[in-house]
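# Here's my sequence, what's the structure:
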Amino acid sequence: MTVLYLNPTGVLGGAERSLLQLLAALRRSRPSWRLVLLAGGDGPLIVKARELGVDVVVLALARPLARLGDAGAGGPAGDQLSRLAVAARLVGLVPMVATYALRLRARIREIGPDLVHTNGFKMHALGALCVGTKLPVIWHVRDYVASRPIMARVLRAMSSRCAAAVTNSASVAQDLRAAVGPALEICTAYNVVDTSRFCPAGPALDLDEAAGMPPAPAGTLRVGLVATMARWKGHEVFLRALSMVAGRLSVRGYVVGGPIYETVASQYTLEELRQLAADLGIAARVGFTGFVEDTAAAMRALDIVVHASTSREPFGLVIAEAMGCGKPVLVAAAGGAAEIIADGEDALAYAPGDAQALSAGIARLAADAELRRRLGWRARETAERRFKPERLAQELCSLYERTVARAA
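Numbering: from 1, shown residues only. I've put the predicted structure just below:
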């Protein structure tokens, strides 16, 4: 079988890391299958896919198309863009979309896949648009769509051309069903984590050096938010929570990650966050590392990992990765994030957007080393039990084979 994966970018965000784990698991479980990745841009995803033995094609999206999105027009990223502005930009880019679709259709014919698996909203739409009626398309939906004003309408219109959808949580499945209606087959399969890489043993990143800060004093507790710069990832909540504990505890905070996507108005800049830290009076107590390729090493250097998303989280890959590293995690428990933890057993939960509650959680963990140890140990157990790549490979292989047989 030949499976073609479509991804809109070559950078490494959470969706791309999850895709790599899937590709690696499929290479092990179905070594005779041909796996092909077609990406809308170059980057580290391309390098890592090739290392796995995946055939790679880069069909670059023009920059205006790469930057097109409605995440900042009423979705979790906020309302920095008006819906009218997004719609106007989309209309203006119709000729460019049509040109790219023709090129994509030609490449798909050259590759000759038995099935197309799309990753990311742009490729869900383009994949459904560009394949023939006999070639099945599976959408891997990793984000909420009902709140996306433009994309929800596009996917509903395209859903009849999609054979099935995979979602990364039951919460996302429910949201997708509300957006596209009852006809589409929807399966839920949790994301996976390479627990041999995201594990307690291994190198730890020097966070102070990465952030350009002097070494922290002995006994300092390191608390970190590991995330892209998407506005809904809760950087402001994290910084405000740190400002509430910084004066009474020996705590240093770290923002690990940088802006990686090109979609307009959906991300913070490092300058914005540095200014906020300065305004809160904690500039000397917060380090900004920028993009870090080895996030497992960054997590090992932390005593507490914070998840701070202000909107419901589709899954929360960082949560699963931190659990794999055996770290106590403070989780903004809504959506898929609430599904993958047991509050008080393998993580601590708090209400999304509640900086005071997050501050209290940091203070509680800072004061109780035994609680940190117990939560971290049980988190590792959960990761090994629930997030193994082999489980996802088995679930998707079954779906692929069933879908291809049905199409034939």
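# Tell me who's in contact with residue 347.
319, 323, 328-331, 341, 375, 379 (Cβ atoms under 8 Å, 6 or more residues apart in numbering). (C-beta placed from N, C-alpha, C; glycine too.)
# rerun that using 10 Å as the cut-off
Residue 347 makes contact with 305, 307, 316, 319, 322-323, 327-331, 333, 337, 340-341, 375-376, 378-379, 382, according to Cβ atoms under 10 Å, 6 or more residues apart in numbering.
# measure stretch 256-271 end to end?
Stretch 256-271 has an end-to-end distance of 14 Å (Cα to Cα, to the nearest Å).
# helix or strand right after the worst-scoring helix or strand of the chain on mean pLDDT?
Least confident helix or strand of the chain, by mean pLDDT, DSSP states H and E, is helix 83-92 with a mean of 58. The element immediately downstream of helix 83-92 (helix or strand, assigned by DSSP states H and E) is helix 94-111.
# tell me how far that next one is from the chain's mean position?
26 Å (Cα atoms, centre = their mean, to the nearest Å).
# So which elements touch that helix?
strand 2-7, strand 34-39, strand 55-58, helix 63-66, helix 121-130 (3 or more Cβ pairs under 10 Å, 6 or more residues apart in numbering; DSSP states H and E).
# and these, which one is worst for confidence?
The minimum mean pLDDT among the helices and strands packed on helix 94-111 belongs to helix 63-66 (a mean of 72).
# which other helices and strands contact that one?
Judged by 3+ Cβ pairs under 10 Å, 6+ apart, the packing partners of helix 63-66 are helix 94-111, helix 121-130.
# got the CA coordinates for it in CSV?
The C-alpha coordinates for helix 63-66 follow below in CSV (Å, rounded to 0.1, in the frame of the first residue of the first chain):
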residue,chain,number,x,y,z
ARG,A,63,3.9,32.9,1.3
PRO,A,64,0.4,34.6,1.1
LEU,A,65,-1.2,31.1,1.2
ALA,A,66,1.1,29.9,4.0
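# Next, the buried residues of that helix.
The neighbour-count check on helix 63-66 (16 or more other Cβ atoms under 10 Å) flags 65-66 as buried.
# Tell me the spacing between residue 191 and residue 340.
Residue 191 sits 9 Å away from residue 340, taking Cβ to Cβ, to the nearest Å as the criterion.
# residues shared between the contacts of these two?
168-169, 315-317, 320, 387.
# Would you confirm that residue 96 contacts residue 102?
No - using Cβ atoms under 10 Å, residue 96 is not in contact with residue 102, being 11.0 Å away.
# can you list the helices and strands packed on helix 63-66 in CSV and add distance to residue 138?
Shown next, in CSV, are the helices and strands packed on helix 63-66 (distance: least, Cβ to Cβ, whole Å):
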stretch, distance to residue 138
helix 94-111, 14
helix 121-130, 9
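# where do the helices sit along the stretch 151-300 of the chain?
Across the stretch 151-300 of the chain, reading from the start of the chain, the helices by DSSP state H, counting those that start in this stretch fall at 151-158, 170-180, 207-211, 235-245, 270-279, 295-300.
# Least confident of these, on average?
Among the helices of the stretch 151-300 of the chain, helix 151-158 scores lowest, at a mean of 89.
# could you give the angle of that helix to helix 170-180?
70 degrees (axes from the mean of the first three to the mean of the last three Cα atoms, to 10 degrees).
# What ranges in this protein fall below the confidence cut-off?
64, 67-94, 246-248, 260-265 (pLDDT under 70).
# per the record, what domains does it have?
2-192+388-407, 207-386 (automatic domain parsing).
# Pick the most buried one from the helices and strands packed on helix 63-66.
helix 121-130 (a mean of 23; mean count of other Cβ atoms under 10 Å).
# Report the angle between it and strand 2-7.
Going by the same axes, to 10 degrees, helix 121-130 makes 130 degrees with strand 2-7.
# export helix 121-130 as CSV, just CAs?
Below are the C-alpha coordinates for helix 121-130, written out as CSV (Å, rounded to 0.1, in the frame of the first residue of the first chain):
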residue,chain,number,x,y,z
PHE,A,121,-6.8,22.5,7.9
LYS,A,122,-5.3,23.8,4.7
MET,A,123,-4.5,20.3,3.5
HIS,A,124,-7.9,18.9,4.6
ALA,A,125,-9.5,21.3,2.2
LEU,A,126,-6.9,21.0,-0.6
GLY,A,127,-6.8,17.2,-0.3
ALA,A,128,-10.5,16.8,-0.6
LEU,A,129,-10.4,19.3,-3.5
CYS,A,130,-7.6,17.7,-5.5
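# got the helices of the stretch 151-300 of the chain as TSV, with mean neighbour count columns?
TSV is the format used below for the helices of the stretch 151-300 of the chain (neighbours: other Cβ atoms under 10 Å):
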stretch	mean neighbour count
helix 151-158	18
helix 170-180	19
helix 207-211	17
helix 235-245	23
helix 270-279	15
helix 295-300	22
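# Just send these back as CSV, with distance to residue 61 too.
Below are the helices of the stretch 151-300 of the chain laid out as CSV (distance: least, Cβ to Cβ, whole Å):
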stretch, distance to residue 61
helix 151-158, 16
helix 170-180, 24
helix 207-211, 31
helix 235-245, 27
helix 270-279, 25
helix 295-300, 26
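# Would you mind telling me which of these is nearest residue 49?
helix 295-300 (18.0 Å; Cβ to Cβ).
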